[in-house]
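Colleague: Take this sequence and fold it.
(3 chains)
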Amino acid sequence: MTTQLPCDSEGVCMVCKVKPPEEENLLCVTCNTPWHAPCVSDLPPTLASTNQWLCPDCSNPDAHLSSSAPPNTLVAAMLAVENDASLTPNQKARKRQQIITGKEPAEEEEEEEQQKRSVSDVLTRSLACSICIQLPERPVTTPCGHSFCLKCFQKWIGQGKRNCAKCRQSIPPKMASQPRINSALVFAIRMARMASNNNQASAVSRTATHFLHNQDKPDQPYTTERARRNGRANAASGKIFVTVPTDHFGPITAENDPLRNQGLLVGESWRDRQECRQWGAHFVPIGGIAGQGERGAQSVVLSGGYVDDEDHGEWFLYTGSGGKDLSGNKRTNKNHSFDQKFEKYNRALQVSCLKGYPVRVVRSHKEKRSSYAPETGVRYDGIYRIEKCWHIAGLQGFKVCRFLFVRCDNEPAPWTSDDHGDRPRPLPVIRELKKAAVVYERTETPAWEFDEEDSRWKWKKPPPPSKQKAQNGEHIEAARSKFNTQSKKFQINRIKEQLRRGFSCMICREVMVSPVTTPCAHNFCKSCLEDEFAGQTFVKERSRGGRTLRSQKNVMNCPACPIDISDYLQNLQVDVDLKAAIESLKAEAEEIGESMESSEDADELQDDGDGKDEDTDSANKNSAEELNDSPKGSDVGELKDSNQGKRNTKRKKDDCGEHLSEMGDGKMAKRSEEYKTAEEAVDEANDSPSSPLNLP
DNA sequence: TTCGGCGTTTGT
DNA sequence: ACAAACGCCGAA
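Modeller: This next block holds a predicted model:
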């Protein structure tokens, strides 16, 4: 079958690349998209039937079937693979990869292949962008639960369409103007990658130089009374978990991650800047640039603080720091009031540009204008290089330092479903460069560069040595051995834990016991959903002047989106597949919990017997609980649920015991109230500190 | 939504 | 020692 594509927004046929005359265009009766007739294989049989013609996209029965399939199919399929005891780890890895890419590996037995194809078909069918019929590239998801490629979506909007290309429901203006990539869909990709990393992560380098930071600090970043009272505002930062110096350039690799032996992975996200700092992505607590004047800059954060920033994902324009009045005790300010100069942090970025150093990039949810920013928290997006920098008048009239960042990481970005990282790419054309007074470009060969032979980005020149000095060996060994005992449990539970995060009720935020899936593809506990509409009747009796009129249907909107689900509510069915998946996951977690208790007690006792790190141990326990708490709004999306708010506030005010009040966190407190059942097994087995696992 | 106010780290 | 830093919270 030949490729079937419509005309693009300029009216150019995407198959033959010419702009056909009006009379050669066929208009789809459903989506009104023009198609070039000579390039369409299913032409209408008669001239008269052309005005009822359905384009290949709209007539594709699969595409229609899929509109009711829940997006969690992907996660469920991954889970099925994980739990299939008949598969070897290798087979599992291949299946996972296949689920994600939708591709067939070449050498496979026929039977197996068929099985796989069906899995991939289901996925493609349920998740395909209905504009291009591919698994969505940089997926954005409408409130009606349908996903499209960012580009396809923007094109659609550009054509003036304001309804969903799949189900025709209207698209809210906010979504139309500022679509944001749905990283939940990319979640499974990261998961699979981490799973395969996990298998290989057994070898730990013992020779790398280690830096330990703040080992006396708690895992949770609270110290003062005020910090506790006010949540995490003004909190001291917690312990640093990676063993790189704070002036470390480039990626953070497995040997500097003794807790997990995996290094800092693209796509990891954290609730805030403090946690992000603990895992080494960006060491400064407030500032957007981490760097030292003449030495260079190691990392930056895009968090929307500078209006001139412009994000295109693989490349972006970054504005230097300064130029704003921070007098008084302000930390930030929206308005520029003087010119920026290439000094301090801006100079550091300039040095990184000229030397071609790798710069770690973190995106924050606070960047509202970018489609590439995460919905919540902050996320590590990988290595970029600064290709050019210049001085130019900014939007607010004052001169700003501008930096062109281009991605050059060996891992794909969190918004793509590519299975490879970046290749060297041509520089984007920047119009404002013409107006720039001075442009700085690298003249020497870059320190971080693509190696053609190896097909990888590498250090071509040695990275600048750290100015900090490493700690003495004894300390390191002690800390490392403790890390390693934790790391086993941590690693075994990691994947299960991530999977678990995909199965939380959007109302109570706990793992669902009797899950139901609405037609709009949102998941809830059966009881939560029932409670939500308790006391409401499906029909309204209307009466006027004592006469009973025809009854009217009551609209009942899904708690997660503005879709009327009243019909669905009348016959609420537990999603048995989902329930089975959750139960098998819980059973597995329990199993691991038991095996941990019997086999690794020795390590545990030794640590506890130490006495002096009692503090850290209790902190560990707390954070392990947090790890198993409901997802931090990351994968199920925030729900404007008043119950949630009430519950938190209420608990905060309560006397919730010394252990919990120490946490000073409503979410934590809530947990004590109603968190029970099989997840306990995970809790007990997993005593690693607050982890960065809340992947999108 | 905006705004005041602060405990901390880091570079200089 | 000092000042700046793309934070964070809760009150208005």
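Colleague: From here on, just use CA atoms for contacts and neighbour counts.
Modeller: Noted.
Colleague: Pull out the buried residues from stretch A:433-442.
Modeller: A:433, A:441-442 (16 or more other Cα atoms under 10 Å).
Colleague: ok, these vs DNA strand C, which is closest?
Modeller: Nearest to DNA strand C among those is residue A:433, at 18.1 Å by Cα to the nearest atom of the strand.
Colleague: any idea how far that closest one is from residue A:532?
Modeller: Going from residue A:433 to residue A:532 by Cα to Cα, to the nearest Å gives 55 Å.
Colleague: same question, residue A:470
Modeller: Applying Cα to Cα to residue A:470 and residue A:532 gives a distance of 56 Å.
Colleague: before we move on, what about residue A:312?
Modeller: 40 Å.
Colleague: Looking at those two, which one has more neighbours?
Modeller: residue A:532 (15 against 12; other Cα atoms under 10 Å).
Colleague: Skipping adjacent residues, who's closest to that one in space?
Modeller: residue A:559 (7.9 Å; Cα to Cα, 6 or more residues apart in numbering).
Colleague: Now the helix or strand in which residue A:299 is found: buried residues?
Modeller: Taking DSSP states H and E as the definition, residue A:299 sits inside strand A:296-302. Neighbour-count burial for strand A:296-302 flags A:296-302 (criterion: 16+ other Cα under 10 Å).
Colleague: swap in stretch A:420-434?
Modeller: A:421-423, A:433.
Colleague: what's the span of that stretch, first residue to last?
Modeller: End-to-end span of stretch A:420-434 (Cα to Cα): 34 Å.
Colleague: Where does pLDDT dip in the stretch 351-500 of chain A?
Modeller: A:471-500 (pLDDT under 70).
Colleague: hey, where'd the strands end up in it?
Modeller: Along the stretch 351-500 of chain A, counting by DSSP state E, counting those that start in this stretch, strands occupy A:359-364, A:378-393, A:399-407, A:438-441, A:448-451, A:456-459.
Colleague: Rebuild those strands as JSON lines, extending it with distance to residue A:218.
Modeller: Formatted as JSON lines, these follow (distance: least, Cα to Cα, whole Å):
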{"stretch": "strand A:359-364", "distance to residue A:218": "24"}
{"stretch": "strand A:378-393", "distance to residue A:218": "21"}
{"stretch": "strand A:399-407", "distance to residue A:218": "34"}
{"stretch": "strand A:438-441", "distance to residue A:218": "43"}
{"stretch": "strand A:448-451", "distance to residue A:218": "35"}
{"stretch": "strand A:456-459", "distance to residue A:218": "34"}
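Colleague: about what we covered before: can I get the buried residues of stretch A:433-442 in TSV including distance to residue A:347?
Modeller: Below are those laid out as TSV (distance: Cα to Cα, whole Å):
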residue	distance to residue A:347
A:433	19
A:441	13
A:442	14
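Colleague: From the residues you listed, pick the one nearest residue A:524.
Modeller: residue A:433 (51.1 Å; Cα to Cα).
Colleague: Distance check, that closest one against residue A:460.
Modeller: The value you get for residue A:433 to residue A:460, if Cα to Cα is used, is 28 Å.
Colleague: repeat for residue A:332
Modeller: Distance, residue A:332 to residue A:460, by Cα to Cα: 38 Å.
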